[in-house]
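J.: From the sequence below, what's the structure:
(one chain, ligands or ions: 1)
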Amino acid sequence: GTVAKKLDHYSQFQPSSLSIQQYLDFGRNGNAASSFEFLRKELLVRLANIMQEISLLPPKLLATPSSKMVSGCFNDQLQVILKRHAHVVETMAEGLIELRESDGVDIAAERGIQYFLDRFYINRISIRMLQNQHLVVFGNVLPESPRHVGCIDPACDVESVVLDAFENAKFLCDRYYLTSPMMKLEMHNMVEKGSPINIVAVPSHLYHIMFELFKNAMRATLEFHGVDDDPPDIKVYVVKGSEDLSIKISDRGGGVSRTVLERLFNYMYSTAPPPPRDGTQAPLAGYGYGLPLSRLYARYFQGDLFLVSMEGYGTDACIYMKAVPVEASEVLPIYSTSSRRLLTQAAQVADWSHPIPGQGQNSRDPRR
Ligand SMILES: N#Cc1c[nH]c2ncccc12
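T.: Numbering: from 1, shown residues only. As a prediction, this is how the structure comes out:
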């Protein structure tokens, strides 16, 4: 139908990646008409690029009721461009739970789903960024502060965002555990020595990341250390370099093994049923997508998020962001032959040895 034709047409264009500096300049000097002119085409291009990939998902996932709802939403979204879909993340999570409970997925399908969802959600972050910028700069949505240009703070004070996220995570932690670890914060501005650390950033994105990491660090610390005597501090280092703004959150929460760590970022493993709203659910418990989505917020403007864990001791969570705004350009999925190939590839033949099930890692099997 017409939607299929629109999809084919708009998915032939590559999404235009804007730097945070371009968002800033346009927010200061642009006008509503040219913004909407750009928006109406770019939203369709970004939607069409990711929608084409939906059809390449494993048929079992596409057959789940929730996934049908999401692709149905997208058809509406193509026709009513600025219509919001506030529940796409949860609805997609439902689809994965339905799939996991129905037939389960093989490794190739799971890799394809992980690849697709990282692209799907960063695409959604970018569409909401475009929509919010237009609505705040040219519409009637108020900015968080008079200094902000849309949802961008040209001089985001990193320490205040870190403190804000810590205080809110501490509030939840105190309410559930009746105690919480202290934070030891060090700020190192290696570019403007001795000055506060400011960068051009979207404060709500940085806050989302820090809040998630603090909740996990506090929960690990109290679950491992107990709540009776003082829990070990959470140490936070913020360093502004000439290229990167780096933040490290170090806890003594007992850490996790590499296999567990990998699952924390896996949508299939980390999709938990929505928590009961009866207050019994530990408020710090990850509701599933906290870490994978936080990593996408970090990656969206060319940053990243890593967890380095030492099982039995503790975990370092490291966030990197671009300190130079012209280098902080959007990372956007492009529908292409390579994305199609990766989504449709069958299980690969092993090109590395793997342990024989039920055998010790080092025992040599005489039959081989
Ligand atoms: N994010 C995060 C974490 C920060 N500390 C952690 N300890 C165990 C598992 C996850 C984490």
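
J.: OK, contacts around Ala217?
T.: Residues near Ala217 by Cβ atoms under 8 Å, 6 or more residues apart in numbering: 181, 234, 249, 251, 253, 315, 317. Heads up, the C-betas are built off the backbone N, CA and C, glycines and all.

J.: Now do the strands in the stretch 101-250 of the chain.
T.: Along the stretch 101-250 of the chain, counting by DSSP state E, counting those that start in this stretch, strands occupy 153-157, 183-189, 198-201, 234-240, 244-251.

J.: out of those strands, nearest to Pro15?
T.: Among those, strand 198-201 comes nearest to Pro15, with 21.3 Å by Cβ to Cβ.

J.: what is the mean pLDDT for the closest one?
T.: Averaged over strand 198-201, pLDDT sits at 98.

J.: How about it, which residues are buried there?
T.: By neighbour count on 16 or more other Cβ atoms under 10 Å, the buried set for strand 198-201 is 198-201.

J.: how about the residues you listed in TSV, adding distance to Tyr10?
T.: As requested, the buried residues of strand 198-201 are arranged in TSV below (distance: Cβ to Cβ, whole Å):
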residue	distance to Tyr10
Asn198	38
Ile199	33
Val200	30
Ala201	30
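
J.: hmm, back to that, export the strands of the stretch 101-250 of the chain as JSON lines, with columns for distance to the ligand.
T.: Shown next, in JSON lines, are these (distance: least, Cβ to the nearest ligand atom, whole Å):
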{"stretch": "strand 153-157", "distance to the ligand": "22"}
{"stretch": "strand 183-189", "distance to the ligand": "13"}
{"stretch": "strand 198-201", "distance to the ligand": "20"}
{"stretch": "strand 234-240", "distance to the ligand": "9"}
{"stretch": "strand 244-251", "distance to the ligand": "5"}
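
J.: Could you point out which of those strands sits nearest Ser67?
T.: Closest among those, using Cβ to Cβ: strand 198-201, at 33.5 Å.

J.: what's that closest one packed up against?
T.: The elements that strand 198-201 packs onto, with contact taken as 3 or more Cβ pairs under 8 Å, 6 or more residues apart in numbering; DSSP states H and E, are helix 20-29, strand 153-157, helix 158-177, strand 314-322.

J.: Swap in 6 Å and give it another go.
T.: Helices and strands touching strand 198-201, by 3 or more Cβ pairs under 6 Å, 6 or more residues apart in numbering; DSSP states H and E, are strand 153-157.

J.: and the strand it packs on with helix 158-177, angle?
T.: 60 degrees (axes from the mean of the first three to the mean of the last three Cα atoms, to 10 degrees).

J.: Contact partners for Leu332?
T.: Leu332 makes contacts with 15, 17, 126, as judged by Cβ atoms under 6 Å, 6 or more residues apart in numbering.

J.: surely the second one meets Glu330?
T.: Looking back up the chat, that one is Ser17. Yes: in this structure Ser17 lies within contact range of Glu330 using Cβ atoms under 6 Å: 4.3 Å.

J.: Tell me which of those two has more neighbours.
T.: Legend: neighbour count by other Cβ atoms under 10 Å for Ser17 and Glu330, higher for Glu330 (21 against 14).

J.: Looking at the backbone only, give me phi and psi for the more buried one.
T.: Dihedral pair for Glu330: phi -60, psi 140, per degrees, to the nearest 10.

J.: hmm, which helix or strand of the chain has the shakiest average pLDDT?
T.: Lowest by mean pLDDT, DSSP states H and E among the helices and strands of the chain is helix 65-79, with a mean of 62.

J.: Could you list the contact residues of this structure toward the ligand?
T.: Residues of the chain found near the ligand (Cβ under 6 Å from any ligand atom) are 213, 216-217, 220, 251, 253, 256, 264, 291, 307, 315, 317.

J.: Next one: Ser66 from the ligand, what distance?
T.: Separation of Ser66 from the ligand (Cβ to the nearest ligand atom, to the nearest Å) stands at 26 Å.

J.: can I assume that residue is in contact with Gly95?
T.: Yes: at 3.8 Å, Ser66 counts as touching Gly95 under the criterion of Cβ under 6 Å.

J.: where in the stretch 251-368 of the chain is pLDDT low?
T.: Within the stretch 251-368 of the chain, the ranges that satisfy pLDDT under 70 run 271-288, 360-368.

J.: For the residue of it found nearest the ligand, give the beta-bridge partners.
T.: Scanning the stretch 251-368 of the chain for proximity to the ligand using Cβ to the nearest ligand atom identifies Thr315 as nearest, at 3.5 Å. In this entry, Thr315 is beta-bridged to Asp251, Ser309, by DSSP bridges.

J.: do you know how far it is from Phe224?
T.: Distance of Thr315 to Phe224, computed by Cβ to Cβ, to the nearest Å: 10 Å.

J.: Which one's more surrounded, the two?
T.: Thr315 (24 against 17).

J.: Number of residues surrounding the residue nearest to Gln348 when sequence neighbours are not counted?
T.: Counting by Cβ to Cβ, 6 or more residues apart in numbering, Gln348 lies nearest to Ala108, which is 7.3 Å off, once chain neighbours are set aside. The number of residues packed near Ala108 is 16, by other Cβ under 10 Å.
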